[in-house]
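S.K.: only geometry, no sequence info:
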């Protein structure tokens with residue numbers, strides 16, 4: 001129909017998988033499929049190596065925790081992703097982003113030859129769609145070739161950075177683009193041979209940018225990494241565990257998608273940045289967190305000589321947990337799923353407001 005606009009789509013949650021799904025069209029709410037990128041792309045197979053001098057000072061990734069695996073359904077081979085093992089559980093603000101309206105990319109052709117082609121495809125087919133969910137709760141800003149810190153002369157410049165506009169220079173997620181460089185079988189097996197140099201470079205970027213959530217896209221594969229570091233310095237250690245997801249560009253319906261992967265990584269990065277606004281001198285029913293885990297922002301408590309994510313009084317009065325106030329993005333404490341109030345009848349907040 002001439003002049004007709006493309007249907008808007010709303011992110012939804014699959015009841016069994018908990019994954020991000022889009023309807024086939026706005027008029028068919030009963031029919032749900034995962035929205036796989038479908039614009040035609042000619043992949044030339046051209047390859048570039050990575051041999052940055054500064055990256056040689058970093059360790060090869062040896063402790064990979066792989067959270068994707070292959071399976072077969074009626075449509076063909078699919079990739080299944082386990083997010084729950086490595087990422088924080090959903091919070092109330094996730095629904096705000098899930099309910100955001102977005103649009104599919106315009107129909108167009110792609111030719112994947114040079115690294116800028118990989119970046120263009122990623123921005124057009126993945127990032128632009130995902131960022132519709134990051135327009136308000138909170139707003140996320142995507143920037144290219146932003147320097148780490150304030151040193152404009154630094155040699156280490158990552159290709160893309162996602163951060164909060166008013167959140168300083170602390171990234172939610174950083175990303176790098178290559179050409180046909182990711183060996184998915186090596187990463188899926190958790191043992192690197194030809195990918196050692198790439199792993200050093202990605203570790204180096206994560207350390208330089210103080211950002212444990214990082215991705216790499218090479219035209220065929222999206223590699224998502226999360227360094228499970230308790231602090232920034234632990235990113236440098238070869239013993240630092242690294243969560244890993246390997247998502248192909250082309251896959252059958254039913255696979256996890258690159259859009260889902262980027263969105264999940266952004267959520268985890270946001271949880272970490274939320275923790276930077278932690279309430280000073282916080283006491284939760286008389287107990288203060290010992291510290292906050294760097295890569296996730298989770299508070300860690302000390303009790304009876306052991307460290308735990310659980311509040312020391314769990315089991316006596318019930319169970320403490322945290323939730324997000326959707327009015328301002330702050331995190332607050334709950335007891336038995338109800339807002340926890342202090343002795344002055346005030347809500348015990350874990351962090352300050354984020355929007």
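M.R.: Here it is on my side, so go on. Small disclaimer: the values here were computed from a predicted structure and weren't measured.
S.K.: make it CA atoms for all contacts and neighbour counts henceforth
M.R.: Noted.
S.K.: now do the SS call for residue 271.
M.R.: helix (DSSP: H, G, I helix; E, B strand; the rest coil).
S.K.: so how far is residue 57 from it?
M.R.: Using Cα to Cα, to the nearest Å, we find residue 271 at a distance of 29 Å from residue 57.
S.K.: who's more crowded, these two?
M.R.: residue 271 (20 against 12; other Cα atoms under 10 Å).
S.K.: contacts only, for that one.
M.R.: Contacts for residue 271 (Cα atoms under 8 Å, 6 or more residues apart in numbering) come out as 296-297.
S.K.: contact partners for the spatially most central residue of the chain?
M.R.: Nearest to the geometric centre of the chain sits residue 265, at 0.5 Å (Cα atoms, centre = their mean). Listed by Cα under 8 Å, 6+ apart, the contact set of residue 265 reads 173, 213, 224.
S.K.: pLDDT weak spots in the stretch 151-300 of the chain?
M.R.: Scanning the stretch 151-300 of the chain with the threshold set as pLDDT under 70 gives 151-154, 167-168.
S.K.: now with 50?
M.R.: In the predicted model, the stretch 151-300 of the chain carries no residue with pLDDT under 50.
S.K.: next, the residue nearest to the centre of the chain: secondary structure please.
M.R.: Assignment for residue 265 (three-state DSSP): helix.
S.K.: which stretches in the stretch 151-300 of the chain count as strands?
M.R.: 160-163, 171-177, 213-217, 221-227, 242-248, 291-292, 299-303 (DSSP state E, counting those that start in this stretch).
S.K.: select only the buried ones of the contacts of residue 265 in ChimeraX?
M.R.: ChimeraX command restricting the contacts of residue 265 to the buried ones, with burial defined by 16 or more other Cα atoms under 10 Å:
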select :173,213,224
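S.K.: which one of the contacts of residue 265 is nearest residue 305?
M.R.: residue 213 (30.5 Å; Cα to Cα).
S.K.: that closest one - nearest residue in space that isn't next to it in sequence?
M.R.: Spatial nearest neighbour of residue 213, chain neighbours left out: residue 226 (4.7 Å); criterion: Cα to Cα, 6 or more residues apart in numbering.
S.K.: circling back: which one among the contacts of residue 265 gets closest to residue 313?
M.R.: residue 213 (31.8 Å).
S.K.: where's the residue nearest to the centre of the chain relative to residue 258, distance?
M.R.: Taking Cα to Cα, one finds residue 265 at 11 Å from residue 258.
S.K.: look at the nearest residue to residue 145 once chain neighbours are set aside and say how many residues are nearby.
M.R.: Excluding its sequence neighbours, the residue lying closest to residue 145 (Cα to Cα, 6+ apart) is residue 159, at 4.8 Å. Around residue 159 sit 18 other residues, with neighbours defined as other Cα under 10 Å.
S.K.: residue 159 and residue 177 touch, don't they?
M.R.: Yes. Residue 159 lies in contact with residue 177 (Cα atoms under 8 Å); the separation is 6.7 Å.
S.K.: backbone dihedrals for the residue nearest to residue 145, please?
M.R.: phi -70, psi -40 (degrees, to the nearest 10).
S.K.: can you list the low-confidence ranges for the stretch 1-150 of the chain?
M.R.: 1-34.
S.K.: in it, which spans are strands?
M.R.: Under DSSP E, counting those that start in this stretch, the stretch 1-150 of the chain gives strands at 9-10, 12-13, 20-23, 32-33, 41-43, 64-66, 68-73, 76-81, 101-102, 110-112, 141-144.
S.K.: so which of those is nearest residue 235?
M.R.: strand 64-66 (13.1 Å).
S.K.: strands paired with that closest one, and their directions?
M.R.: Next to strand 64-66 in the sheet, as set by DSSP bridges, lie strand 242-248 (parallel).
S.K.: what about the strand it pairs with, distance to the chain center?
M.R.: The chain centre lies 11 Å from the centre of strand 242-248; the measure is Cα atoms, centre = their mean, to the nearest Å.
S.K.: so which of the strands of the stretch 1-150 of the chain gets nearest residue 91?
M.R.: strand 12-13 (13.3 Å).
S.K.: how near is residue 242 to residue 51?
M.R.: 21 Å.
S.K.: could you do residue 127 as well?
M.R.: 27 Å.
S.K.: what's the answer for residue 133, then?
M.R.: 36 Å.
S.K.: quick revisit: how about the residue nearest to residue 145, what does it touch?
M.R.: Per Cα under 8 Å, 6+ apart, neighbours of residue 159: 144-146, 174-177.
S.K.: tell me which of these is nearest to residue 95?
M.R.: residue 174 (23.9 Å).
S.K.: cool, thanks, signing off.
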